[in-house]
Structures are given as C-alpha cells and as structure tokens.
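Trainee: coordinates for the following, if possible.
(one chain, ligands or ions: 2)
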Amino acid sequence: MTYDTNRHTIRPALRRAARAVALAAALFLPAAVLAAPAQAASSCTVNGVPVTSTVIRGTEAADTIECSSGVAADTLVEALGGDDTITLAGIVAGRVRGGDGADRSTLTSGELTGDLDGQMGRDVFEVRGPVKGNIRGGQDDDDIHLYGNAPVGPAADVRGAKGADKITLDVGADVDGLVEGNDERDEIRVLGTVNPSGKVHGNAGPDFIRVHINRGIVDPRPGPGDDCMVDVGNPCVPES
Ligand SMILES: [Ca+2]
Ligand SMILES: [Ca+2]
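Mentor: Numbering: from 1, shown residues only. Ligands and ions are numbered 1, 2, ... in the order given. Here you go, the predicted model:
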C-alpha cells in the first residue's frame, strides 16, 4: 500500500505545481498581450532592400519603394525628397507620402482605404483599384489617373489640391464620393458616370470639367472662367 500512499502524496504536489504554472502563465499573459502591436507592420522594399516596419522611409534622393502586399493601417510610407517611384499592391490602409520632388505613385492592384499624398512637386498617380480612402495631389501641378477598375467610393475624396491639376477617371471609375480640383485651373474628366451620391467640384480657379453621365452634382464654382460640360444627365451647376 506504499504505492497508494505515494500516489496520494505525489498527486497533490503535481496539482500544486500545475496551479503554479497556470498562475505564472496568467501573470505573464497580460504583458504579452500589451506588447503585441495592434496591427502587423508592413513589409516593403526600399531600393531593393526589404524593410518590415510601421515606418517605411526613403531618402532625400530618388527612391524606389515597393509594397506588394499592402500597407497596414498603422504604417507610414514616406519617400521624402527626390523624384520617387512608389509601387503599391494589396490593401493600402496606411498613409503614403511622396514628399518633395516629382513622385510617381502606382496602385497596381488591390484597393486604397488609407491616404495617398503626393505632397510637393509635380506628382503622377496611376490607380488600378477601388479608391475608398483619400488621394491628395498636394502642391504643384499633379496628374491623377484612375483607371476603369478604380471607382471612387462613397467615403472617398480625390483632391488635386494646390496647382493646376489634371484628374482623369476612365469608364468604369464611377464616382460615388468626391472628386475636387481645388486651386488654379484644374482639368477634370469623368469618362463614365457620376452616381447620385457623387460630387465633382472644381472649387477655386477657372476649371475645365467634362463629365459623360451625371446623376449627382457637378459644380465648377466658384468662378468666373469655368468651362464645364455634362453629356448626359444633370447639367453643371451654373455660375452664380
Ligand atoms: Ca526620396
Ligand atoms: Ca511630391
């Protein structure tokens, strides 16, 4: 019966040990949870070098930055000075900034739910995926081209901002949100449809606006000097 006695004495000891391990795990668990980031960092390449971080930063010279598996919401991609080339694919939920210089930003596939900002310089944007966030040309004369698979969603804002900007939306890139030129003489062409919730605003400066089908609002004001035309549907808001 020594066997039973041993078993009865060993088992409580094992249970105490198990409880101690469980307690230790419970004590360590909150720290582990707190240490975990809210979202994963993004993995990109900067001039061919892989970088995984919540801040993907170029240099003051011309950089090539590629984020082929998206940009997480907690991530800032900052190209800084120089004429940078930024190539994006996947879900772009974070902030992407061209910085100074004439930058070229391309979304090859996926969608933009975050912010894409050319900042200073004559920047070019080529977008081949739905726009659900914001595009900003920034200062200077920017060129924003939304291809046919890049509709502007209800919460989206595509803004030329300062400078005489050119904004082109191909057939299929319908507007449910806002497209606006802002300062100076902007050229906005919507080859498809502005839907009932959609708005195209020239804002300040004598803007050139052409919209093929307008079921929403196309407003070149304030003028004078705007050149606005709708082929089918609601006419442009007249100069006041
Ligand atoms: Ca740079
Ligand atoms: Ca720039």
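
Trainee: any idea which helix or strand carries Ala89?
Mentor: Here Ala89 sits within strand 85-92, counting by DSSP states H and E.

Trainee: pull the residues that contact that strand.
Mentor: 62-71, 77, 79, 96, 98, 103-114, 116, 133 (C-beta atoms under 8 Å, 6 or more residues apart in numbering). Heads up, the C-betas are built off the backbone N, CA and C, glycines and all.

Trainee: got the residues of the chain near ligand 1?
Mentor: By C-beta under 5 Å from the ion, the part of the chain that sits against ligand 1 consists of 58, 63, 79-80, 82, 84.

Trainee: can you map out the helices along the protein?
Mentor: Counting by DSSP state H, the chain forms helices over residues 2-35, given from the N-terminal end onward.

Trainee: pLDDT value on Gly223, please?
Mentor: The pLDDT attached to Gly223 in the predicted structure is 77.

Trainee: could you check the pLDDT of the residue nearest to it when sequence neighbours are not counted?
Mentor: Nearest in space to Gly223, with sequence neighbours left out and distances taken as C-beta to C-beta, 6 or more residues apart in numbering, is Glu239 at 4.6 Å. Confidence per residue is given as pLDDT, and for Glu239 that number is 82.

Trainee: tell me the contacts of Glu239?
Mentor: Shown in contact with Glu239 (C-beta under 8 Å, 6+ apart): 220-221, 223-224, 226.

Trainee: how about Glu66?
Mentor: Shown in contact with Glu66 (C-beta under 8 Å, 6+ apart): 44-45, 86-88.

Trainee: Gln139 too?
Mentor: With C-beta under 8 Å, 6+ apart as the criterion, the residues that contact Gln139 are 119-121, 161-163.

Trainee: from ligand 2, how far out is the closest residue to Pro224 other than its chain neighbours?
Mentor: Beyond its immediate neighbours in the sequence, the residue positioned closest to Pro224 (C-beta to C-beta, 6+ apart) is Glu239, lying 6.1 Å away. Using C-beta to the ion, to the nearest Å, we find Glu239 at a distance of 33 Å from ligand 2.

Trainee: what do you get for Gly99?
Mentor: Distance, Gly99 to ligand 2, using C-beta to the ion: 6 Å.

Trainee: ditto for Leu80
Mentor: From Leu80 to ligand 2 the distance is 10 Å (C-beta to the ion).

Trainee: same check, this time on Lys132
Mentor: Relative to ligand 2, Lys132 is positioned 23 Å away (criterion: C-beta to the ion).

Trainee: who touches that residue in this structure?
Mentor: Lys132 makes contacts with 111-113, 153, 155-156, as judged by C-beta under 8 Å, 6+ apart.

Trainee: my guess is Gly202 contacts Asp226, does it?
Mentor: Yes: here Gly202 reaches Asp226: they are 5.7 Å apart, a contact under C-beta atoms under 8 Å.

Trainee: please identify which of those two sits among more neighbours.
Mentor: Taking neighbours as other C-beta atoms under 10 Å, Gly202 and Asp226 compare with Gly202 leading, 29 against 22.

Trainee: ignoring the adjacent residues along the chain, who's closest to the more buried one?
Mentor: Using C-beta to C-beta, 6+ apart and skipping residues adjacent in sequence, the residue nearest Gly202 is Pro220, 3.7 Å away.

Trainee: quick check: the one you found touching Gly205?
Mentor: No: under the criterion of C-beta under 8 Å, Pro220 is not in contact with Gly205, lying 9.5 Å apart.

Trainee: those two: who's more crowded?
Mentor: Under the neighbour definition other C-beta under 10 Å, Pro220 and Gly205 were set side by side, and Pro220 has more, 27 against 21.
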